[in-house]
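S.K.: From the sequence below, what's the structure:
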Amino acid sequence: MIHDIADAIVSYIGDMGYWGIFILMFIESTFFPFPSEIVMIPAGYLAFEGKMNLYIVIFVGILGSVLGALLNYYLAMTFGRGFILRYGKYFFIKEKTLDKLEHFFKKHGEISTFTGRLIPGIRQLISLPAGLARMNIIKFSFFTAIGAGIWVIVLVGLGYLVGSNEALITEYLKSATLIVLSCVIAMIVFYIVRHKGRNK
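M.R.: A predicted model of the protein is given here:
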C-alpha cells in the first residue's frame, strides 16, 4: 500500500511538474500538517530519472517553503496572537503550542528561524512567533531560505541517490534527521556561548 501511495505521489508530481512541487511545498510551510518528505524525495527520484532538473527542483522547493513561511509571518504580524489562537485550532495549533514556539523564539533569537526550519514539528510554525515579534523581513527571509534549503537538499538528495527503495529511504531519513538535529543543537550552543561572551 505504501508503495502504491509513493507511486501515486511520484506520478502526481510528474504530471504537475515544478508547479506541483512549488504548490505542495508552499502548503507544507503554512499551517497544514503536510510532510515535505512525500514531496521532495519523489521529486529527487524524478530528477535521478532525468524527468526533472535537479537544480530547478531544489530551487522551486526552497521558493515554495519561503513563500509559505512568509504567509504565516504576515498573518501573525497583521492579525496578531488572538487571530492565530482563534483559527489555529482548526490546524492543530493550540495555545500551549504557540507558547512553546514564542519561548523558543525569544530564547534563541533570530537564529531560531534558521534552526527551527530543521526541527520536525516546528519548521512549519516557527514563522508565527517571528511575525508576532515583527522580525526584520529581510533577515527572516534569509534565515528561512537557508534552513529550508538545507532540508530540501537533504530530501532531494535522498530521492536522487536512493531512488524508490522505501527501506533505504526510511533508514537514511532517520539518520539524516539525527545528523541535522545534532548540527542544530551545536549551532544553538555556539550561538548562546558567543552571545554570552559578547554581553560580558
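S.K.: so Tyr39 is in which element?
M.R.: No, residue 39 isn't Tyr; it's Val. Element membership for Val39 (DSSP states H and E) is helix 37-48.
S.K.: Does anything pack onto that helix? Which helices or strands?
M.R.: With contacts defined as 3 or more Cβ pairs under 8 Å, 6 or more residues apart in numbering; DSSP states H and E, helix 37-48 has these neighbours: helix 2-16, helix 18-28, helix 54-88, helix 137-162, helix 166-199. Where C-beta positions appear, they are placed from N, C-alpha and C, glycine not excepted.
S.K.: so which strand or helix has the residue nearest to Met77 when sequence neighbours are not counted?
M.R.: Nearest residue to Met77, sequence neighbours excluded (Cβ to Cβ, 6 or more residues apart in numbering): Gly131, at 4.0 Å. Assigned by DSSP H and E, Gly131 falls within helix 127-132.
S.K.: Contacts for that helix, please.
M.R.: 29, 69-70, 72-77, 80-81, 84, 93, 98, 101-102, 104-106, 112-113, 140, 144 (Cβ atoms under 8 Å, 6 or more residues apart in numbering).
S.K.: Count residues in the vicinity of the closest residue to Tyr74 other than its chain neighbours, would you?
M.R.: Distances taken as Cβ to Cβ, 6+ apart place Gly131 nearest to Tyr74, at 6.5 Å, with adjacent residues excluded. Number of residues near Gly131 (other Cβ atoms under 10 Å) recorded here: 24.
S.K.: do the same with Gly147
M.R.: By other Cβ under 10 Å, the residues close to Gly147 number 27.
S.K.: go on, Ala43?
M.R.: Ala43: 32 neighbours (other Cβ under 10 Å).
S.K.: That one and Leu85: what is the separation?
M.R.: To Leu85, Ala43 is 34 Å away according to Cβ to Cβ, to the nearest Å.
S.K.: just Leu158 next, same as before
M.R.: Relative to Leu85, Leu158 is positioned 36 Å away (Cβ to Cβ).
S.K.: of those two, who's got more company?
M.R.: Just comparing Leu158 and Leu85: by other Cβ under 10 Å the higher neighbour count belongs to Leu158, 22 against 14.
S.K.: Could you check the pLDDT of the more buried one?
M.R.: At Leu158, the model reports a pLDDT of 81.
S.K.: From Met40, how far out is it?
M.R.: The gap separating Leu158 from Met40 is 8 Å, by Cβ to Cβ.
S.K.: And for Met25?
M.R.: For Met25, the distance to Met40 equals 7 Å [Cβ to Cβ].
S.K.: cool, and Phe142?
M.R.: 21 Å.
S.K.: okay, the two: which has more neighbours?
M.R.: Neighbours of Phe142 and Met40, each counted by other Cβ under 10 Å, are more numerous for Met40; the result is 30 against 15.
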